[in-house]
Structures are given as structure tokens and as C-alpha cells.
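Enquirer: Fold the stuff below for me.
(chains A and B)
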Amino acid sequence: MKAIMEGSQAVAQVVSLCKPNVVCAYPITPQTHIVERLAILHSEGKLKAGFVLAESEHSAASIVLGASATGARSYTATSSQGLLLMTEVMFNIAGMRLPVVMTVANRAVSAPINIWNDQQDSMSLRDCGWIQMYAEDVQEACDMHIQAFRIAEELNIPVMVCMDGFVLTHSMEVVDIPSQDEVDEILPPFAPSYFLTPKDPVTLGSMAGPDAYMEIRMLLHKAMKDAPRVIQDVSDEFEEKTGRHQGGLLDPYELEDAEIVLVSMGSLLGTMKDVVDQLRDEGYPIGILKVRTTRPFPREKFHDLLCNARAVAVLEKDISLGLEGILCSEIRSAFCRAAKTPNISSFIVGLGGRDVREDDIRNIAISMFENDSCRVEFVGINKEALAAAHWRAEDYTECISTDVCPKPEKGDS
Amino acid sequence: MAVEEVESRLLAYGHTACAGCGEALAARTVIEAAGPDVIIANATGCLEVFTTRFPRSAWRVPWIHSLFENAASVASGIEVALKALERSDEAKVIAQAGDGGTADIGMGAFSGMLERGHDILYVCYDTEVYSNTGFQRSGLTPLYAHTTTSPAGELTWGNATRKKDLPSIAVDHGAVYVATASVGYPQDITRKVKKALSLSGPKYIQIHCPCVPGWGIESHMTIRVARAAVNSGLIPLFEIVEGNIIGVRKIKEDERVSVEEYMKLQKRFSHVLKSPRGKDLIRQVQSIANLNIEKFGLLGINE
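Expert: Numbering: from 1, shown residues only, chains lettered A, B, ... in the order given. Model prediction:
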């Protein structure tokens, strides 16, 4: 059924249709509307789950851990500092192969404290062993949650559904909310292969010494490497059943003959598609690679979809301080000694809720046609803010790295 | 003891605890009292390490370990899941942790579990020190005990603070049952665990367990030291139901010991006993015991 809904309310509605047995809530901006809505649905008897109000995010994650280990379909949501406080538990949930699903309403990380959107929070947790998926709009966020439970439970790997804070969580959008029957058809009841019960006692979370720890970590890696097939299958099945395009792990847009490719994830893609449509009309051979899944990292797919481009600009709302955008570094890893390698540049945009406008994206795109050297840039820097902080003009230019990957000398192969 | 009885223990032999470990004995007493129909959420610590080295496990009941500070939260999740899945009749839920995992790093989770009113028995094995990491000071370390982070030195007398009063904190959260126990009196542990598990709601039992290497005692002295702690008045054994003290273990006149006699049994207080200032320090510790004796009415005979 189509309705105009706020992103958070729509996601809460869909999570409720996924029939979780246990939902845990702890407030943090901009995730709060999701758990508030779930609380209302619970109070009205529409969400038939154990609804637990935790005393911290660390405990919220621990509660869903315990519930999942007992065989309950378990859900929680968080943002930013909350996700960082959960970090220890995140690794633990993944290490124990518990199929928890969590929404991350993406937000900047302190300091300075900032409640607005970027993706530093979830990108900082890329190594915790969770599948990470990023939604472009509210509809995709809704659809992704249904798929997330299915993927998590099929693989015994937890899934983080990332949606941009405020931009998606607080925006009104026309959303097609599936019926209960439609969700049930895609998402069967949770049937865990093992769980805590006196009928068949298991020990979970035991201590592994140097003789076994490495093997267990290796098997977690293997499970994650097997995940792309399941993510793609579930995406395809969802598309078949709902008629809505899903896109698997990576979703190309106008990529076929593109010389310059813009890569990004999350809500920025909508604006980027508008800009690319305009540039295409003006005759620029440009396209977009939308990233839906960052873990597992589909390295080969990245290679195959980008190897014919002259240059790639990765626009992202996070940074590995002292290096570049995190996704950009990872995409570079797809081209280690590849026969055809595009020049790859990192553009840091939209940190802490800084608006990313059509003009910003257009400028990046056109600059790539004029200068395709591999570089790291900050986009949309407010020089007045720098001046107010008594910084020097050079502070900005010194943050720009040009030619980070110099061309090989003649004779190198 | 019959072989079958040992073979069927819910916490099996063959684990790797120190000889004479107070916590191992207490944990075995707790699980035997609770029976097989339980699910245990265990904090990180000695008990977890010495019972579950992969791929073996000494537990014959469903058991999960997650982290150091979240046993209470994991247990909360288990309890809510059992209710949501209509499996509450299947198992009682027990959370267990040491003194560091409860009084220090796990305090927030402990508080949340109590406050939400989950039907969980939380057992704290109080060894008065971070045993697993090498005997550092915790919030339940007693006054003047030498630990590796509260060493006795030229300028210090060991731990400078008194034990955090966790049972009172639990009572003030509205726990339906709060009790202290000692591994020196296993039958008392059994009775209290059974009683706690017969009640619905959050329950807390704090069991005093000597740590052989942490306290500097011989491995055959665990029970004697544990009993001396109780009979000095430093570790009062009591039961509180819905906020009211319903029973205390009286100290028998012929078993009563001074705190000095108790301290003499352990190396962690040797600096106090050797020092010329020791008499004053011992007086201070004795006054803690005296206050307990007065507050809980530990002398005399049971009515």
C-alpha cells in the first residue's frame, strides 16, 4: 500500500511486518523516531514482540545478542556514538554467528559533537564482521530490512542496514509498504540451527586459545565471502516478487560507455543521478556505480564494472584520517596489478551534515574530465569557518593531496 | 561419593581452575542447586576461562559467554526471548559474574536488569579481586588488602576503600530476593539458590569466594578462610525478601574470630600485620566487622 510517510515511521512499520520476537530500544538522535514508532506499534498490539528498554546501547546490543542466541528474531537500531559504544558487542554478535538485524541511522562521530548526517559511524565499524548495506531512499531502506532478516538468517551473519540520518530518517516520501502476506512470502519464520535450550545444551562464546582462534576467525571470513551469492539471490527474488528494482551488491547507472564514473552510497545517489542525467544531456560520457553493500566487499564486481573507465571519483561521507575516504581505498584494492586501471580519486563530502548540492557534484564531475589525476579533496569547505577558527588559508590547500598515485616510470610494468 | 554422582555433575570435573578455587566450588554448588533446566549467561572471568576452553566445555547446561560487563544484559535478552517464544517454562535464567564484572564494569547492565524486573537470578562470585587478570583491586576489594594495583608500599596500606555495598544497591532497585552467601557454607548456598529460583523477578546472590593465589592462601585453606571471614563479621550472611531482612547466619560464640585472626590467614594483609601502624589499621577493619555485627544482629542464637 502506498502512503506518504516519514522514513523512520516507514522503517518501523516494515520491521514490525518482519515479526521480530525481540526488539530493543535505546534513544539516540537521529534514530529515535524508529524506536518511538516501534514502541507505539507495540503499545497498540501491532508489534507482537518482547520490547525491551535498555539502559545503554552496549546493553541494547547485548540484549539482542542474548535473545538471538535463544532463538528469537531480534532487532535494534542506533546511530553514531551509540554504534561506537556497541562496538565490542558488534564484534561479539558476529563472532557468535547470530543473525541480528540493526538499523544504523548514519550520523557524524564526536568530537566535535555533531548530530547531523555522515557515514563515519558505520564505516568505522566495517571490520566487525557484520554485513553492511546502504539505502538510497526510504523505499530502499524499507525493502532492505526485509531482505536483511532473510540474508542474516540464511547465513548466520548479522546485518546492519544503514540509512542516512535526517536525510532519510526524517524525510517524508511516498513509500510502498508491503502487506503482511507479501513479507511472509519473502521472509519465512526464523528457524535457527542451534540455540540455548536445556533440551539440547550448547556452550556458546567459549574461550579459544592460540591453537584455535585463528581458524575460527578464518571461517568467519569464509562465511562473509560466501555472502554475495545470498545477497544477490535475495535481491533478485525480492525484485521478482515485488516488481521493485533492487540491485544486489552494486547497481550501475548509465555505466556502459562512461569515461568518468562517480561512486557513492546512501542518499547522495539520488542527487548524483539527477546531475548525471543533466551531464548526459550535455554530452558528457559519465555514469554512476551505486554501492549497496560494503561488507562483504564485492571486489571483483568493482573491478569488472570500473575497469573500462578512464577515471573514478569516489564521493563519500567518511574519512580514514591521514589517508582518504575509506571506500576509495577499498576500491583501489580491486585494481592491484590489473591490466586496465582507472585513475581513482577520493572526494570527502557532507561531513557532519554539510549539504552536498547538485553544483558540488557537477563541479566534481566536470573537474574529473579536465583533470583525471588520482587525488584526495574536501568538497564544500567553508573558508569562513576556517578563518573564524584562526586557521591559515594554507590549512585548506595542505589538506588536498594531488597525484597520490603517480604514473609508473617508463619501463615499469 | 559415588562415581555416577560425579559423572553427572552439571559443572563437570576436568576444568582448569586452580586447586582449592573457591569460585569453582561455589559455581558447582549453584548449578547443582539450580538443576538442569536453566540457561546461564556468564561474564568474562576465571569461571568462563577455566570451564570453556574451545573445543571443550565443562557445562552440561545451556551456557553463553559474551563479554565482561554484559552478563546481566545478555541474560535479560534470554529471558525476554523465552517469554516472547512462549518457552518460559523451559528454563530459569541465571546470570553470573565476578566482583569486577558486577560491581565495576558491569554495574550499568546490572542496574538495568534489576530495574526492568526481569525474572533472573544474578550470582556474583565475590573473590574481592580481579582474579583472572592477575589480582587487581575491584570495587569489592576490602580495606587495606594488598592487590597488584593497590600495592602496599612506603606510602600506601593496600586498598584505601571499603567494599561497595552491592546487596543494598540491589535491594534499592527493588530486587525480590537479595542474599549473601559464602563458599565456606555450601549448604547455605544451595538453600538460597533454591529459594531465589522459587521467586519470580530479579534476584541477587553474592557469594564470598576466597581466591587462592589472589589472597595468598594455601589451596587446602579455602573453606577455613571463607568461614573465618563470616565468623569475624566482615562477611555477614543474610537474606532480604522484598526489602526486609528475613534471616541472618549467627556467629556461634565458639567460632567467632577477630578480624586480626582472619587477616593472619592471608598474605594480602601481611603488610598490615607487620607494621607498627598495623594496630590502628586493624582497629579500623574491626570496626567494620563490629558495625556488621550490630546492624545484622550476628551474635546470639537464632530465634
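Enquirer: The closest residue to chain B within chain A and B:Ala170, how far apart?
Expert: Closest contact between chain A and chain B, by CB to the nearest CB, is at A:Gly66 (2.7 Å). Where C-beta positions appear, they are placed from N, C-alpha and C, glycine not excepted. As judged by CB to CB, to the nearest Å, A:Gly66 and B:Ala170 stand 20 Å apart.
Enquirer: and what of B:Arg56?
Expert: 34 Å.
Enquirer: So between those two, which is more surrounded?
Expert: B:Ala170 (25 against 13; other CB atoms under 10 Å in any protein chain shown).
Enquirer: Hmm, the more buried one is touching B:Val178, no?
Expert: Yes. Counting by CB atoms under 8 Å, B:Val178 is a contact partner of B:Ala170 at 4.8 Å.
Enquirer: which residues are in contact with both of these two?
Expert: B:Tyr204 (CB atoms under 8 Å, 6 or more residues apart in numbering or on different chains).
Enquirer: re the thing from before, what about the residue of chain A closest to chain B, helix or strand, and which?
Expert: helix A:57-69 (DSSP states H and E).
Enquirer: where are the low-confidence patches of the stretch 1-150 of chain B?
Expert: B:1-3 (pLDDT under 70).
Enquirer: A:Ser333 versus B:Lys252, what's the distance?
Expert: 73 Å.
Enquirer: And the residue nearest to A:Thr87 when sequence neighbours are not counted, how close does it get to A:Leu84?
Expert: Spatial nearest neighbour of A:Thr87, excluding adjacent residues (CB to CB, 6 or more residues apart in numbering or on different chains): A:Leu125 at 6.3 Å. Separation of A:Leu125 from A:Leu84 (CB to CB): 8 Å.
Enquirer: who does B:Val93 bridge with?
Expert: Per DSSP bridges, the residues bridged to B:Val93 are B:Ile39, B:Ile120.
Enquirer: Could you tell me which residues make contact with it?
Expert: Applying CB under 8 Å, 6+ apart to B:Val93 gives the contacts B:Val38, B:Ile39, B:Ala41, B:Ala75, B:Ile78, B:Glu79, B:Leu82, B:His118, B:Asp119, B:Ile120, B:Leu121.
Enquirer: quick one, what contacts the residue of the stretch 151-300 of chain B found nearest chain A?
Expert: Per CB to the nearest CB, B:His173 is where the stretch 151-300 of chain B lies closest to chain A, at 11.5 Å. Listed by CB under 8 Å, 6+ apart, the contact partners of B:His173 are B:Ser111, B:Leu114, B:Glu115, B:Pro202.
Enquirer: Compare the residues you listed and tell me which is most surrounded.
Expert: Highest neighbour count within the contacts of B:His173, by other CB under 10 Å: B:Pro202, with 29 neighbours.
Enquirer: wouldn't it be in contact with B:Ser111 here?
Expert: No. Judged on CB under 8 Å, B:Pro202 makes no contact with B:Ser111 at a distance of 10.5 Å.
Enquirer: Name the member of the contacts of B:Val93 with the shortest distance to A:Gln232.
Expert: Set against A:Gln232, the nearest of these by CB to CB is B:Ile78 (34.2 Å).
Enquirer: Do you know the pLDDT at the residue lying closest to the closest one once chain neighbours are set aside?
Expert: Ranked by CB to CB, 6+ apart and with sequence neighbours excluded, the top spatial neighbour of B:Ile78 is A:Gly66, at 4.4 Å. You'll see A:Gly66 listed with a pLDDT of 98.
Enquirer: The one 5 residues further on now?
Expert: What the model reports as pLDDT for A:Gly71 is 98.
Enquirer: so it, which of the three states?
Expert: coil (DSSP: H, G, I helix; E, B strand; the rest coil).
Enquirer: just A:Val175 next, same as before
Expert: Going by three-state DSSP: A:Val175 is strand.
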